[in-house]
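J.: Next comes the sequence, and after it the predicted model I'd like to discuss.
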Amino acid sequence: MSFRFKESSVLPGFGLSLGYTLLYLGLIVLLPLSALVVKSSELGFGGFFKTILDPRVLASFKLTFGASLVAAAVNVVFGTIVAWFLVRINFPGKRVIDAIVDLPFALPTAVSGIALAMLYSPNGKLGIFLQSIGIKVAFTQLGITVALIFIGLPFVIRTVQPALEEMDRELEEAASSLGASRTQTLTKVILPLLMPPIITGFTLAFARAVGEYGSVIFIAGNMPMKTEIASLLIITKLEQYDYAGATAIAVAMLLVSLALILLINLFQSWSGKHLIR
Amino acid sequence: ANAAGTDEILNVSYDPTRELYRDYNVLFAKYWEKETGRKVNIRQSHGGSGKQARAVIDGLKADVVTLALAYDIDEISAKSKLLQPNWQQNLPQNSSPYTSTIVFLVRKGNPKAIKDWNDLIKPGVEVITPNPKTSGGARWNHLAAWGYVLNRELGDLKKINDSDKAEEVRVAEKKAKEFIAELYKHVPVLDSGARGATTTFAQRGIGDVLLAWENEAFLSVNQLGADKFDIVVPPISILAEPPVAIIDTVVDKRGTRKITEAYLKHLYSPEAQKLAARHFYRPVHPENADPADIARFSKSKLFTIDEVFGGWQKAQKAHFSDGGIFDQIYQPGYN
Amino acid sequence: MFINILRSTDKRPGLNPPLIVNMAITVIALGFLFMFVIMPLIIVLKEAFSAGLSLWWASITEKDALSALRLTLLVAAIAVPVNLVFGLAASWALAKFRFKGKSLIITLIDLPFAVSPVVSGLIYVLLFGLHGWLGPWLGEHDIQIIFAVPGIVLATVFVTFPFIARELIPLMSEQGTDEEQAALSLGASGWQTFRRVTLPNIKWGLMYGIILCNARAMGEFGAVSVVSGHIRGETNTLPLQVEVLYNEYNFVAAFAVASLLAGLALVTLVLKSIVEWKTKHG
Amino acid sequence: MSIILRNISKTFGDFHALKNINIEFQSGELTALLGPSGSGKTTLLRIVAGLEEADRNANADILFDSQTVTSSPVNRRQVGFVFQHYALFRHMTVFENIAFGLRVKPRDQRPSKQDIKDKVNELLRLVQMETMAGRYPSQLSGGQRQRIALARALAIEPKVLLLDEPFGALDAQVRAELRRWLRKLHDTLHVTSIFVTHDQEEALEVADRIVVMNRGAIEQIGSPNEVFHCPATEFVMQFLGDVNVFHGRIESDSAIFNEVVPLTEGRENTARLLVRPHDLTIQSTPGAGPALPAKVYRVLTAGPIVKVELIDRHNRLIQVHLSHDSYNHTMVKLHEEVYLVPRESRVYANNDAWTGAYVI
Amino acid sequence: MSIILRNISKTFGDFHALKNINIEFQSGELTALLGPSGSGKTTLLRIVAGLEEADRNANADILFDSQTVTSSPVNRRQVGFVFQHYALFRHMTVFENIAFGLRVKPRDQRPSKQDIKDKVNELLRLVQMETMAGRYPSQLSGGQRQRIALARALAIEPKVLLLDEPFGALDAQVRAELRRWLRKLHDTLHVTSIFVTHDQEEALEVADRIVVMNRGAIEQIGSPNEVFHCPATEFVMQFLGDVNVFHGRIESDSAIFNEVVPLTEGRENTARLLVRPHDLTIQSTPGAGPALPAKVYRVLTAGPIVKVELIDRHNRLIQVHLSHDSYNHTMVKLHEEVYLVPRESRVYANNDAWTGAYVI
Ligand SMILES: Nc1ncnc2c1ncn2[C@@H]1O[C@H](COP(=O)(O)OP(=O)(O)OP(=O)(O)O)[C@@H](O)[C@H]1O
Ligand SMILES: Nc1ncnc2c1ncn2[C@@H]1O[C@H](COP(=O)(O)OP(=O)(O)OP(=O)(O)O)[C@@H](O)[C@H]1O
Ligand SMILES: [Mg+2]
Ligand SMILES: [Mg+2]
């Protein structure tokens, strides 16, 4: 078969929409980001790697990506449950709860950070309780994860929710009539069909968490090697007027994120190929 | 300057000066109108000192900057040539019309009996100070502690610049580094900014002592409850000099040199000095301030950056730049 | 109505989990939201009103707060439509067609999220700043981009860039192209097909996308902070105003302004109700 | 397994989709649900399967082997269901779709991997789709999807088989084959099957019993012969096969059909004469009994029977079906004037069958 | 509008769904596409509509009224398309679905609101769904959805009407009515219509011409009479209507059918005797010509014709269709031994029609 860039389709507007997408993407995202890369290249190859391979930077990468993955995973599990609750269960006042879900985006990150720190610090409402069962949240890596869960929370819910709303219930009926238990219907039919939005939600929550700064620093404790996130190191460099160093860390983060997200997206498009009718 | 008889200038300042400059701007506007018959509209910008300096470097068109550290203004000069390197000589008192110092904020009644710097590293004492790499205030804290040790070890800070006493100074500095390292071991949380540290200390109830600017300590006690905290002034501390400067290229381009010069100069006037004292800054001419305000500042020995560190540039490089003292004590394996 | 509490919204038998499972789901969902959303909200509101209603009112009607509100609304009013147009175009191209390199484009769309907000601001400084690529030229022509409204808008557009597109892409690809083909065969133009067939089918996703984009546009702090210049009454958005107040030890006012932003969540409620009502009544 | 429905009703909003249905399906019987589009066949089938809940009603009940199942969920009822719109799992291949029911069986009843494979392949062979095991539903034609839906339901060897238009998208060949197979499956496994069809020929040929539905109610239940030869109502007569309908009126004691009666007149004192196309003979002379003069309008000779369309004096279209044999005998010519003699016919007056005299 | 397809092929991956199709549809003609499931009917129709792109090929071309339309998009081709799976707009009511095509017309051609309303209501009446204008597709039964899909395509009064199994889910009554209406529409508006059906009876009855497809290729194009009475290939013969197939072998110059030949043997030297069920007569004595002894196994008298199933000596099932009349004449009894005499039959040997002698 010969190489074809695009499979044929009768729908119009491919050129226009893709062209616009690429143009806008180029102007708003790629051009500015290239400035970042160019700036970091001031360091030279050696300087770049010296900066990003510094033990503290590496520790902060480990923490940032690790906590982001955990937070995104937690959001996948609970976000899906919340979406299910919002779509499938009758509950008085559900609309208000539905509206509150967007709060983590509406609040300025610093306010969220302060509010979370208030809540989870040893003398905070939940902190006291958690402390009593031996869990220390504020100023630990757990605290960072909590903040990252908070800021990524709407993603999974808001991607799964419309998909669940539009889901064809006849498929569930079919599974059930074939003898599948509810659990089997859930795991073998519903979840696979919800996978694309779930993966999207995960990707977005993860990406957002990687970059997050404002809400984390209030609850992180910011101890070097322990609870210092990568974004904080960028700020640190900036405070020293070290733009090149700051952009070097930013570029390294970006490349890792890019690779991870690309991997996820490739997996998704590979596994979802046949879903497009 | 525009035709309608209104001058317009932008004052880029740091965070806790809002109240001070709000009042001062009114004061100056009256003064200016009386002098020249022209109205003035002073636009204010507040933010972290370093961040504000960066904004000016990157093109924020400030007529004057009134920042927390001379280092930040030095950087503006160095990085973007918007003003002369010797800007600090343009105005009296190192271009600092008011000063402050670093004090201890402790819980009411001072339960851990913290009186001096040495008490900070007593077992069981937790100290709250922000990260000096992201917070200007924290750098003052750090340098104050350093100066305290040198003073204790050397007895006389003058020895630092005496080349004969180099060995003695080296030993003292080693002690200082040990002290600083020990001090940071007592820090459970490194907030990114002064305000965050205050919150951690006051609201979260973490730590026994907060290192803070004097004016901010007063502010927090005022805002967060005089019944909860006490201010302890250590016998020796650092003299913090928040400097002010004109951004030459901007004012020349906009034709606001005259008014900005007047704006900064008037900070040294008796009425402005009085105002500074009211807002918890130590005026450089205390004689002009309200004695009741002056009485709030307890006397203690204050050393300057120049005396101990040979200026901000050197201090910054030795302590806070990558691989500096602060980084060293947090290197894995350092103890 | 109350008989239905905790029952499944769809009444078909057999498929729905028993009441006890619904109960568990409800408890988990509410517990999760309680810990991560409701409690922080309560904290914000408690602090905001801790000094009484009148002080709250005074805080949000203060001159600088009002101008910050105005700027915030302006920025959102530009950033959201701009990203909306992009989101629709991108999701059409990426969800309804199959071509090579699609995953890469989607990844690039995701990218702005992974960029630390400070860096998101920084890149515009690197472009338009005094020492940036375009800085000298802009300076000569006296065009101010950063430390002025255009810079704030740009930074906001950047950080809210992926929302609408990413909300729509999975939903649109899920729905296939059958109905679009039907519309085309009935003589509808591409635009008519899109507006009358595709859009109504994705309305919920679109709405969530807009809401999220709007919330973030109004709530964005880090990136905007870098390019704003923090000039009082001019280039401070609401989140910056919150920071300013907070750093001035004006805790109550800070939270009062924050509560205003939190109140934006109510917009969701209103918008959703409107869409629902419209669906029902024509 | 025998199935009994008692007093089953179903309303959607204020639309009555089913009205008090009472019916019994014998164990091992193959029943056809026949009725016009929208008459409630799918709804009824879904209620039997437990996919839809009947209106709550003290007397309503569904019994499987005399056990009430009203509250037992679908996946416990052991019914195989073929959906009218297939409801294939989009994310699974053809193979996985068919294997699904086997793979979700409780571990102790689950066949081995190899057994599942063999079973699925056997079913694929049955529906003539051996080569397509790896395809996804989106890559199949309409009829192929339907066959997979059928195979999927059969895989679990259910006690009760409910099929909603299982052959609707298939051509006569495959259809006949599957029909035969269904019949055989039936006769060997003795499952109870109910299948919906809109094709009365199929119902007449395959089913043991036929349930004719109309507007949510049952019109007649009976063997194919019963419903075809002794339709209980006018509706059943009209629905099962082509019918010529002549509208007439009752006058004194006779039903009169020799003039045109406007259809709008309401049912009072009106009568309908119903004659099946194959029950009319074409003669060149009127003969002794009642005969209808008509003119040949169109003749269709393609197909196993010859279809003759005629027009009577009142411009009414009349259909006559002849075997090729008789057609060759009678030598009908286009536009010729002929006489139609009904061999068998039914007259309905008002709402009942009419047993009195009638005049054509 | 006349439609010409030249050298049209279509592959999905490495599956050849259409193989070099050449065909011409006359203006105003009603053509039926007939073929087994998966033979490429939908694909062909979609290519005509412009919903699918044929494989790129220098010689491939599609002409509408001699104008090539290969590159003109669907919405310019003025075709009405009824989708096999309906593709109704989920978020629109029945009314809005039907009105859609009118509402998206360019402003200067768009009918007034009232006209649209009248038109939609007229179509709703046609498909007998007047009362359901406000419903959403999800609230309709299968057949109702299909009718809406039909009405929607008709609303725009297209020049070309492409119908993919437009009556598949409808009962004989509605079907016959819509069929008649389609015929009439045709004869008055002279649109060019192509409709896919799996029901050969429908094709034979309605179409002007029939295109028989198999495995992506065209087997025969011709009038209903041609394809039924003179099938070009064995496939066409088998596909159009029921057929009894006897497998035999060629020996010297005769085709021999009096023993059972295993089907697996390959096509060499084998022969098939094809007899339509209505072309067999049942006699109690063998008579002069070739006759097949068989035993009556099952008799189905329900329906317009009597279907008799018999078993021959080799245990092969044979179908015979009789009119009720002839059935009553011959008096077939269950399990009786009778003789079957083919009135007409065809023999195929290897891959061609066989004109030589044969022995039953
Ligand atoms: N996307 C696809 N990928 C692979 N094969 C396909 C695809 N679409 C269709 N086919 C195959 O092409 C062949 C022709 O399909 P088409 O839908 O035209 O059949 P059809 O004649 O309409 O059958 P039916 O009567 O069952 O609807 C089928 O064998 C089908 O499996
Ligand atoms: N969700 C619903 N809301 C309102 N009416 C409905 C709903 N579902 C079905 N109906 C109506 O109930 C009636 C019976 O529907 P059902 O699907 O049982 O018909 P059917 O006999 O299967 O018809 P077909 O042969 O066309 O599939 C129809 O008139 C349909 O419009
Ligand atoms: Mg149905
Ligand atoms: Mg098809």
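T.: Ah, there it is. Ligands and ions are numbered 1, 2, ... in the order given.
J.: Which neighbouring elements make contact with the helix or strand that B:E216 is a member of?
T.: In this structure, B:E216 sits in helix B:214-224 according to DSSP states H and E. Packing contacts for helix B:214-224, counted by 3 or more CB pairs under 8 Å, 6 or more residues apart in numbering or on different chains; DSSP states H and E, involve strand B:98-107, helix B:194-202, strand B:229-232. The C-beta positions use only the backbone N, C-alpha and C, and glycine is treated the same way.
J.: I'd like the average pLDDT over the shortest one.
T.: Per-region confidence: strand B:229-232 scores 91 on mean pLDDT.
J.: So in that sheet, which strands flank it, and in what orientation?
T.: Using DSSP bridges, strand B:229-232 pairs in its sheet with strand B:98-107 (antiparallel).
J.: between the partner strand and helix B:194-202, how big is the angle?
T.: With axes from the mean of the first three to the mean of the last three CA atoms, to 10 degrees as the basis, strand B:98-107 and helix B:194-202 are set at 20 degrees to each other.
J.: Buried residues in the helix holding B:E216, which are they?
T.: Within helix B:214-224, the residues that count as buried by 16 or more other CB atoms under 10 Å in any protein chain shown are B:E214, B:N215, B:E216, B:A217, B:F218, B:L219, B:S220, B:V221, B:L224.
J.: So for ligand 3, which of the helices and strands packed on helix B:214-224 sits nearest?
T.: helix B:194-202 (65.8 Å; CB to the ion).
J.: what does the closest one contact?
T.: By CB atoms under 8 Å, 6 or more residues apart in numbering or on different chains, the residues outside helix B:194-202 that reach it are A:114, A:117, A:121, A:217-218, B:15-16, B:105, B:128-130, B:135-138, B:189, B:191, B:206-207, B:210, B:212-213, B:216, B:220, B:224, B:228-229, C:246-247, C:249.
J.: where along the stretch 1-150 of chain D do the strands fall?
T.: D:3-12, D:15-25, D:30-34, D:61-64, D:67-68, D:79-82 (DSSP state E, counting those that start in this stretch).
J.: The last one and chain E, are they touching?
T.: So that's strand D:79-82. No. Figure legend: strand D:79-82 not in contact with chain E (CB under 8 Å from any CB of the partner chain); closest approach 12.4 Å.
J.: Can you spell out which helices and strands pack onto the longest helix belonging to chain C?
T.: Counting residues, the longest helix in chain C under DSSP state H turns out to be helix C:63-96. Contacts defined by 3+ CB pairs under 8 Å, 6+ apart place helix C:63-96 against helix A:14-24, helix C:53-60, helix C:102-114, helix C:149-159, helix C:162-175, helix C:203-219, helix C:238-247, helix C:251-263.
J.: Columns distance to E:E157 and mean pLDDT on top of the strands of the stretch 1-150 of chain D, output as JSON lines?
T.: Shown next, in JSON lines, are the strands of the stretch 1-150 of chain D (distance: least, CB to CB, whole Å; pLDDT from 0 to 100):
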{"stretch": "strand D:3-12", "distance to E:E157": "33", "mean pLDDT": "93"}
{"stretch": "strand D:15-25", "distance to E:E157": "32", "mean pLDDT": "93"}
{"stretch": "strand D:30-34", "distance to E:E157": "35", "mean pLDDT": "93"}
{"stretch": "strand D:61-64", "distance to E:E157": "48", "mean pLDDT": "91"}
{"stretch": "strand D:67-68", "distance to E:E157": "55", "mean pLDDT": "88"}
{"stretch": "strand D:79-82", "distance to E:E157": "37", "mean pLDDT": "90"}
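J.: For chain A, which of the ones you listed is the nearest?
T.: strand D:79-82 (4.0 Å; CB to the nearest CB).
J.: In contact with residue 17, which residues?
T.: By default, I'm working from chain A. Applying CB under 8 Å, 6+ apart, the residues near A:S17 are C:A89, C:A90, C:W92, C:A93.
J.: wait, I meant chain B there
T.: For B:T17, the contacting residues are B:H46, B:T66, B:P242, by CB under 8 Å, 6+ apart.
J.: ok, now which ones touch the first one?
T.: It refers to B:H46. Here B:H46 is in contact with B:S13, B:Y14, B:D15, B:T17, B:R18, B:Q52, C:H230, C:R232, C:V244, C:N247, C:E248 (criterion: CB under 8 Å, 6+ apart).
J.: Quick check: the residue of the stretch 251-360 of chain D nearest chain A.
T.: Closest contact between the stretch 251-360 of chain D and chain A, by CB to the nearest CB, is at D:A302 (35.8 Å).
J.: so what's that residue scoring on pLDDT?
T.: 84.
J.: Likewise for B:L210?
T.: 94.
J.: Isn't it up against B:F104?
T.: Yes. Using CB atoms under 8 Å, B:L210 is in contact with B:F104, at 7.2 Å.
J.: Go ahead and confirm C:L69 touches C:L238.
T.: Yes. Using CB under 8 Å, C:L69 makes contact with C:L238 at a distance of 5.9 Å.
J.: Which member of the buried residues of helix B:214-224 is positioned nearest D:V243?
T.: Comparing the buried residues of helix B:214-224 against D:V243 with CB to CB picks out B:L224 as the nearest, at 93.9 Å.
J.: Quick check: nearest residue in space to the closest one, chain neighbours excluded?
T.: Nearest non-adjacent residue to B:L224, counting by CB to CB, 6 or more residues apart in numbering or on different chains: B:A202, 4.8 Å away.
J.: before we move on, what about B:I160?
T.: Per CB to CB, 6+ apart, closest to B:I160 is B:V169, 5.7 Å.
J.: I figured that neighbour hits B:L157, correct?
T.: No. Applying CB under 8 Å, one finds B:V169 not in contact with B:L157, separated by 10.1 Å.
J.: neighbour-wise, which of these two wins?
T.: B:V169 (19 against 16; other CB atoms under 10 Å in any protein chain shown).
J.: Return the set of buried residues in the host helix or strand of that one.
T.: Applying DSSP H and E as the criterion places B:V169 in helix B:166-185. Of the residues in helix B:166-185, B:V169, B:A172, B:E173, B:A176, B:K177, B:F179, B:I180, B:A181, B:L183, B:Y184 count as buried by neighbour count, 16+ other CB under 10 Å.
J.: contacting residues around that helix?
T.: Helix B:166-185 is contacted from outside by B:117, B:120-121, B:127, B:142, B:145-146, B:149-150, B:153-154, B:159-160, B:325, B:328-330, B:334-335, using CB under 8 Å, 6+ apart.
J.: cool, stretch A:166-180 as well?
T.: Under CB under 8 Å, 6+ apart, the answer for stretch A:166-180 is A:182, A:184-185, A:188-190, A:193-194, C:10, C:12, C:14-15, C:171, C:174-175, C:201, C:204, D:49, D:51, D:73-75, D:78-81, D:83, D:85, D:87-90, D:100-101, D:104-105, D:152-153, D:155-156.
J.: Any quick PyMOL command for the buried ones out of these?
T.: In PyMOL syntax, the buried subset of these is picked out as below (16+ other CB under 10 Å):
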select buried, (chain A and resi 182+184+185+188+189+190+193+194) or (chain C and resi 12+14+15+171+174+175+201+204) or (chain D and resi 49+51+73+74+75+78+79+80+81+83+85+87+88+89+90+100+101+104+105+152+153+155+156)
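J.: which stretch of helix or strand covers the closest residue to D:E219 other than its chain neighbours?
T.: With sequence-adjacent residues excluded and distances taken as CB to CB, 6+ apart, D:E219 is closest to D:V212, at 4.5 Å. Assigned by DSSP H and E, D:V212 falls within strand D:209-214.
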